[in-house]
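**Student:** Quick one, fold the following:
(one chain, ligands or ions: 1)
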Amino acid sequence: MRETNQKPAPLGIRHGDTVKVMVGRSKGKTGKVLSVDPGKRRVTVEHANIIKRHTRPNPSKNIKGGILEKEGPLHISNVMLVCPGCGKHTRAGHTKLPDGTKVRICRRCNTTFEN
Ligand SMILES: [Zn+2]
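**Tutor:** Below is the predicted model:
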């Protein structure tokens, strides 16, 4: 019998990373990760997958009516990390620094993603 892993698998993408959208309407767009949902394995990327919300005015909640444009979440498999070193989309590898800190590195050029 296999042991079950309670922790969700790490996404490899974190808040503040730059990612490129690989599929869908926002294909080819790059932007910063605004939020990460590890449970749903989704990320929200700046300027990507803009969805329009038509809202009704609700004076009691101080909401003005109209069209609200907002970034929609994208599935983790639809985006890729963009390396700050080589500027290309990449998969992150993992390595340990001499002091034992785990960092992510670009598999193409070995630039670390953490500062
Ligand atoms: Zn790189």
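
**Student:** Close to the ion: what parts of the chain are there?
**Tutor:** Within the chain, the positions near the ion by CB under 5 Å from the ion are 83, 85-86, 106, 108-109, 111. Where you see a C-beta, it was placed from the backbone N, CA and C, and this is true even at glycine.

**Student:** Now the residues you listed in CSV, please, with extra columns for neighbour count and pLDDT.
**Tutor:** Converted to CSV, those look like this (neighbours: other CB atoms under 10 Å; pLDDT from 0 to 100):
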residue, neighbour count, pLDDT
Cys83, 22, 94
Gly85, 15, 93
Cys86, 13, 95
Cys106, 22, 95
Arg108, 15, 94
Cys109, 13, 95
Thr111, 13, 93
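
**Student:** now those in a markdown table, with distance to Leu74?
**Tutor:** Output for those, formatted as a markdown table (distance: CB to CB, whole Å):
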| residue | distance to Leu74 |
| --- | --- |
| Cys83 | 19 |
| Gly85 | 24 |
| Cys86 | 23 |
| Cys106 | 21 |
| Arg108 | 23 |
| Cys109 | 25 |
| Thr111 | 24 |
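
**Student:** can you redo the residues you listed as a markdown table with secondary structure?
**Tutor:** Below are the residues of the chain next to the ion laid out as a markdown table (DSSP: H, G, I helix; E, B strand; the rest coil):
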| residue | secondary structure |
| --- | --- |
| Cys83 | coil |
| Gly85 | coil |
| Cys86 | coil |
| Cys106 | strand |
| Arg108 | coil |
| Cys109 | coil |
| Thr111 | coil |
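
**Student:** Pull the contacting residues for Val33.
**Tutor:** Counting by CB atoms under 8 Å, 6 or more residues apart in numbering, Val33 touches 13-19, 43-46.

**Student:** and of those residues, the nearest to Thr30?
**Tutor:** Thr18 (6.0 Å; CB to CB).

**Student:** What helices and strands are in contact with the helix or strand where Leu68 lies?
**Tutor:** According to DSSP states H and E, Leu68 maps onto strand 66-71. Judged by 3 or more CB pairs under 8 Å, 6 or more residues apart in numbering; DSSP states H and E, strand 66-71 is in contact with strand 50-55.
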